[in-house]
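Participant: here is a sequence together with a model predicted from it:
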Amino acid sequence: MDTTERLYYQDSHLTKFDARVLSVSDAGVEGRVAVRLDRTAFYPTGGGQPTDTGALDEARVFECVDEEERGVLHLVEAAHAPEVGALVRGEVDWTRRRDHIQQHTGQHILSQAFVELHGAETRGFRMMSEASEIDLELASPGDAAIEEAVNRANEIVWDDRPVRVHHVTAEEAARMPLRKDSEREGALRIVEIEGFDMSPCGGTHAHRTGEVGLVAVRSWERARGLTRITFVAGARALADYRRANRTARAVAALFSAGRDEGPEAVARLLEENKLLLRRARALGETAARAEARELLEEAMQVSGAGTPGGGARLVAQVLEARDAEGLKRLASALVEHAGTVALLGSREGADARLVFARATDAPGDMNALMREACQMLEGRGGGRPDMAQGGGRRSDLLVEAIEQAASKLSDEP
Ligand SMILES: [Zn+2]
């Protein structure tokens with residue numbers, strides 16, 4: 001059977017190799033073909049680790065697919081595809097491979113650090129474009145417990161311990177102190193980090209732990225009964241540090257503060273903002289009362305049964321640039337005055353806003369008037385008999401809607 005010798009099993013740092021083309025077939029993707037070789041250094045997608053990329057002679061390799069016993073498929077540019085039987089030179093993108101080695105080996109180390117310190121097994125691992133995730137059986141996570149494991153992991157990294165690969169039988173594996181059981185049958189590949197960790201794995205690893213450089217946890221959360229930890233290792237840790245540093249400095253610069261004083265400066269600003277909002281609201285109420293008195297002086301008298309003196313004062317007005325809260329505040333200030341009815345509106349572009357209110361001793365059903373007005377404005381609204389709010393998208397009919405409500409009010413017996 002055609003199969004592929006997997007060179008990355010022997011040497012994870014091998015990037016250049018020669019191989020014979022066994023087959024070239026349709027890849028199911030336009031402009032690409034699937035090339036099978038007698039040997040390859042390309043790691044195919046699997047085990048939480050993404051595919052390698054690179055080139056076969058002139059042809060770009062976009063992705064490699066693991067077909068188990070049938071070998072590895074290289075999806076390459078059809079335009080430069082090699083012919084069956086040809087001898088080709090393969091080259092793996094080293095920057096990408098090294099990044100994967102750092103994240104993947106970092107995962108082995110971090111996972112074992114959680115086992116050693118907290119007895120927490122790893123249940124899942126995903127390497128993504130920016131960071132990686134592990135799902136841990138860590139029942140009571142916290143920053144302190146997690147950073148303790150991160151410290152232990154970095155101790156192992158900086159010890160620069162050898163990382164060895166053993167090919168063993170299932171019986172031999174059963175006698176080894178493995179961190180996790182293998183899902184495979186037959187011969188096994190065991191990855192050992194000297195004096196620290198042993199686990200079955202088919203991925204690409206560092207030769208020594210020092211290659212990992214640094215392991216840093218970015219964040220954690222509880223997810224489906226497990227603790228999900230997002231981490232970065234190696235060059236990604238440096239890239240992440242740069243990003244975090246830039247963000248922290250940018251925030252602090254807005255306050256002319258030092259980088260690490262950002263959170264304090266933001267907290268102070270939020271506190272100040274809260275006080276200012278409270279003051280603005282109090283001033284808004286004072287202003288609404290003053291405006292209400294002015295409007296009432298201009299208000300006309302309308303007839304209305306059951307109100308003191310036989311008449312109610314009506315304030316029907318469209319006001320510019322009022323938000324819903326401002327409009328309601330003014331209406332409330334108006335109807336603090338006995339016998340007053342307020343029919344107020346405001347516009348915001350094509351949208352119209354309405355607040356109808358009346359003093360307890362004034363006539364009219366604000367809810368009913370509001371419903372009719374909103375129908376005219378092609379919107380919706382309602383409320384209680386003494387206070388209703390609404391709006392619609394026909395601000396061109398706003399004045400008319402208020403006039404209609406005012407005339408209904410006058411018509412009441
Ligand atoms: Zn591994």
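Facilitator: Ah, there it is. Numbering: from 1, shown residues only.
Participant: use CA for all of it now, contacts and neighbours both
Facilitator: Fine.
Participant: what are the ranges of the strands in the stretch 101-250 of the chain?
Facilitator: 122-127, 132-136, 163-168, 188-193, 197-200, 215-223, 226-233 (DSSP state E, counting those that start in this stretch).
Participant: select, out of these, the one closest to residue 328.
Facilitator: strand 215-223 (42.5 Å; CA to CA).
Participant: who does that closest one pair up with?
Facilitator: Strand pairing for strand 215-223, using DSSP bridges, gives strand 226-233 (antiparallel).
Participant: residue contacts, whatever residue of the stretch 251-400 of the chain ends up closest to the ion?
Facilitator: The ion sits closest to residue 260 of the stretch 251-400 of the chain, with a gap of 36.9 Å, by CA to the ion. Counting by CA atoms under 8 Å, 6 or more residues apart in numbering, residue 260 touches 248, 252.
Participant: can you check residue 164 too?
Facilitator: So residue 164 contacts 191-194, 207 (CA under 8 Å, 6+ apart).
Participant: report all helices and strands that the lengthiest strand in the chain contacts.
Facilitator: In the chain, assigned by DSSP state E, the strand with the most residues is strand 16-26. Packing contacts for strand 16-26, counted by 3 or more CA pairs under 8 Å, 6 or more residues apart in numbering; DSSP states H and E, involve strand 32-37, strand 39-40, strand 87-92.
Participant: so the last one versus strand 16-26, what angle?
Facilitator: Same thing as strand 87-92. Interaxial angle of strand 87-92 relative to strand 16-26 (axes from the mean of the first three to the mean of the last three CA atoms, to 10 degrees): 110 degrees.
Participant: just checking: what are the partner strands of strand 87-92?
Facilitator: Paired neighbours of strand 87-92 in the sheet (DSSP bridges): strand 16-26 (antiparallel), strand 54-56 (antiparallel).
Participant: winner for burial among the ones you listed?
Facilitator: strand 54-56 (a mean of 22; mean count of other CA atoms under 10 Å).
Participant: what packs against the next helix-or-strand element following it?
Facilitator: Next along the chain after strand 54-56, taking DSSP states H and E as the criterion, comes strand 59-66. Secondary-structure packing of strand 59-66 (3+ CA pairs under 8 Å, 6+ apart): strand 54-56, strand 72-77.
Participant: would you mark the buried spots in strand 59-66?
Facilitator: 59-61, 63-65 (16 or more other CA atoms under 10 Å).
Participant: cool, stretch 381-401 as well?
Facilitator: Buried positions in stretch 381-401, judged by neighbour count with 16+ other CA under 10 Å: 381-383, 385-395, 397-399, 401.
Participant: ok, of the buried residues of strand 59-66, which one's closest to residue 253?
Facilitator: Of those, the one sitting nearest to residue 253 (CA to CA) turns out to be residue 63, at 43.5 Å.
Participant: quick revisit: the helices and strands packed on strand 16-26: which one's closest to residue 51?
Facilitator: strand 87-92 (10.5 Å).
Participant: between strand 59-66 and that closest one, find me the angle.
Facilitator: Using the same axes, to 10 degrees: strand 87-92 against strand 59-66 is 80 degrees.
Participant: strand 87-92 - what's its average pLDDT?
Facilitator: Averaged across strand 87-92, pLDDT comes to 98.
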